[in-house]
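>>> 3D model of this:
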Amino acid sequence: SMLLYSLVQYVPDKRLKKIRLPKPEQMPSVAIYHPNAPALFQTFNEYRKWYRKPLDPGSTIGLLLMRPQVISKTTKHYDALINAIEAEGLSVVPAIATLMDNREAVSKFFVENDRARVSQIVSLTGFSFVGGPAMNDSAAASEFLRELNIPYRSAVSLDTQTIEAWSDSQTGLNPVQAGMQIAIPEIDGATEPFIYGGIPTRGQEPVALDDRCQRLARRLKRWNKLQTAPRKDVKLAIVLFCFPPNKGNIGTAADLDVFPGVFDVLKRFDEEGYRVALPDSADDLRERLNGNVSHRMNVQEYRRLCPYVREVENDWGAAPGAINTFGKDLLIQGLQSGNVFIGVQPTFGFEGDPMRLMMARGGSPHHGFMAFYTFLSKVFKADGVIHFGTHGALEFMPGKQIGLSGECWPDRLIDELPNFYIYSVNNPSEGSIAKRRSYAELISYLTPPIENAGLYKELAGLKDLVMAYRQSTNESERDRLYQSIEALQQQTHF
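Predicted structure coming up:
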């Protein structure tokens, strides 16, 4: 129509004047789209009347779509995600937004009388919340989203690389995608960087990755349950770490006193109405957890609940393996306190080289590690998991670096569990890995305001003598140094 209109208007040919063209169709800058609707909706009330299903704020997801793709009717990826969300029993308000600023669409369709109409916002635009592809006004975005006070997600459609290129890549997203669609939305506060669609090699428009759409929809439903379920019915898992392994280090984390911290969290849970059996103290919790086996998962149960056993066996041999096992059983270390399970994450598996699997290009977690997260999801049936302290091993398991697929082990391990991560504020780089590779919501803690006290007076002299003794190769000099060390040791009562 545009070409014909141009010909009619500007080409001096009488034959063209006989052509009758439809009037240009005006499309709104913001509106509500739905794949089953005959047209766009310019008001929320129009959409509510057509939708007919309840649009309860507690079970409605707000989606932000790119206007050009809706106008050009290249919406297969949007349609599949909308259908997947609705298949999980949730309602959806898919709003088209301008490229430069999402606040207009959110204010018009997701908010009523300063209260949110939706429980979560999921941006499918691939750009910053305020600024679009040209800039990023993260301060304005953060202020607006903070006042709205509902979760903000940003899912990814592959725009600058094909689905096949992403699938075959060990890195995952290319630098342009990673910067534009992961890093910039993170500055706005977005989480859940899930790949849900993209352009195939033999295609011109985006298509859905159906399995990823279904997984994202189920994750959104799990987040919704945490918002709406009675707290007495919510089941939570707290995961502690043990590193280095086999050194009596259960409950380790960088710059965090873990057991008093967990004890304080349990007390807060109790005050907030969660069902929890409080230990007597942090020390009591430590003693009860140390060496306690909460569940023995036999091989039959493990094979029935975990779909990845054969792949793990390729690397670690027949189940149950030799780590976290007793006889034919896989041991889940932890204890249950009401509706709260406190467990100890298994080690990487290579005791002589515990970092060997970290970000490896191949391999898999061992049976004990796989069984632990299978237990959380399928046996204990946690509604959410809290990884306590900096840091564990799940997010460093083999797979793509960023933009994970269903073949990546962190994605498989976390499954559909909402993931909260108590993380040190002074480690943003590895915190980003946790957000991107285990879909974690980071809750920061401050590092202690202390420094090394150092040595002083005679103790400093004693240290110097010991260092000189260790470095000396002359026997007579070592004898003299030894005598001086003994004398100063007695003098300082050391």
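>>> CA only for contacts and neighbour counts going forward, please
OK.
>>> Return stretch 480-488 as PDB; C-alpha atoms alone will do.
As requested, the backbone C-alpha atoms of stretch 480-488 are provided in PDB (Å, rounded to 0.1, in the frame of the first residue of the first chain):
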ATOM      1  CA  ARG A 480      71.600 -18.500  66.900                       C
ATOM      2  CA  LEU A 481      68.100 -17.600  65.600                       C
ATOM      3  CA  TYR A 482      66.600 -20.500  67.400                       C
ATOM      4  CA  GLN A 483      68.100 -19.400  70.700                       C
ATOM      5  CA  SER A 484      66.800 -15.900  70.100                       C
ATOM      6  CA  ILE A 485      63.300 -17.200  69.300                       C
ATOM      7  CA  GLU A 486      63.300 -19.300  72.500                       C
ATOM      8  CA  ALA A 487      64.300 -16.300  74.600                       C
ATOM      9  CA  LEU A 488      61.700 -14.000  73.100                       C
END
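>>> tell me the contacts of the nearest residue to residue 101 once chain neighbours are set aside?
Ranked by C-alpha to C-alpha, 6 or more residues apart in numbering and with sequence neighbours excluded, the top spatial neighbour of residue 101 is residue 130, at 4.5 Å. By C-alpha atoms under 8 Å, 6 or more residues apart in numbering, residue 130 lies in contact with 100-103, 136-138, 140-141.
>>> from those, which would you call buried?
Taking 16 or more other C-alpha atoms under 10 Å as the criterion, what is buried in these is 100-103, 136-138, 141.
>>> so how many other residues sit close to residue 255?
Look at residue 255: counted by other C-alpha atoms under 10 Å, it has 15 neighbours.
>>> and it, that's in a strand?
No. Following the definition DSSP: H, G, I helix; E, B strand; the rest coil, residue 255 is coil and is not counted among the residues of a strand.
>>> how deep is the closest residue to it other than its chain neighbours tucked in, by neighbour count?
Spatially, and ignoring its direct neighbours in sequence, residue 255 is nearest to residue 447 (5.6 Å; C-alpha to C-alpha, 6+ apart). Using other C-alpha under 10 Å, residue 447 has 12 other residues around it.
>>> how far away is residue 447 from residue 72?
Residue 447 is 51 Å from residue 72, where distance means C-alpha to C-alpha, to the nearest Å.
>>> Now do the end-to-end distance for stretch 223-241.
24 Å.
>>> tell me which residues in it are buried?
223-227, 231, 234-241.
>>> just stretch 79-99 next, same as before
Neighbour-count burial for stretch 79-99, counted by 16+ other C-alpha under 10 Å, picks out 79-85, 90-99.
>>> and it, average pLDDT?
If you average the pLDDT over stretch 79-99, you get 95.
>>> Quick one: the strands in the stretch 151-300 of the chain, in order.
Using DSSP state E, counting those that start in this stretch, the strands of the stretch 151-300 of the chain run over 152-154, 156-158, 195-198, 207-208, 236-240, 293-298.
>>> Dump these into JSON lines; add distance to residue 45 and mean pLDDT as well.
Compiled in JSON lines, the strands of the stretch 151-300 of the chain are given as follows (distance: least, C-alpha to C-alpha, whole Å; pLDDT from 0 to 100):
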{"stretch": "strand 152-154", "distance to residue 45": "24", "mean pLDDT": "95"}
{"stretch": "strand 156-158", "distance to residue 45": "29", "mean pLDDT": "94"}
{"stretch": "strand 195-198", "distance to residue 45": "29", "mean pLDDT": "96"}
{"stretch": "strand 207-208", "distance to residue 45": "29", "mean pLDDT": "96"}
{"stretch": "strand 236-240", "distance to residue 45": "38", "mean pLDDT": "97"}
{"stretch": "strand 293-298", "distance to residue 45": "52", "mean pLDDT": "96"}
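>>> Narrow the contacts of residue 130 to those in helices?
Counting by DSSP state H, the members of the contacts of residue 130 that fall within helices are 103, 138, 140-141.
>>> Tell me how far the spatially most central residue of the chain lies from residue 417.
The centre of the chain sits closest to residue 439, judged by C-alpha atoms, centre = their mean, with a distance of 0.9 Å. Computed with C-alpha to C-alpha, the distance linking residue 439 and residue 417 is 9 Å.
>>> for residue 439, what are its contacts?
Residue 439 sits in contact with 191-193, 418-419, where contact means C-alpha under 8 Å, 6+ apart.
>>> try 10 Å
Contacts were defined as C-alpha atoms under 10 Å, 6 or more residues apart in numbering; by that measure residue 439 touches 191-194, 395, 404, 410-411, 414-421, 432-433.
>>> Can you classify the residue nearest to residue 255 by secondary structure?
Under the three-state scheme (three-state DSSP), the conformation of residue 447 reads as coil.
>>> is it true that it touches residue 253?
No. Here residue 447 lies out of contact with residue 253, judged by C-alpha atoms under 10 Å, at a distance of 11.1 Å.
>>> For stretch 109-118, buried residues please.
Neighbour-count burial for stretch 109-118 flags 109-111, 116-118 (criterion: 16+ other C-alpha under 10 Å).
>>> swap that for stretch 170-186, please
Neighbour-count burial for stretch 170-186 flags 170-174, 177-178, 180-186 (criterion: 16+ other C-alpha under 10 Å).
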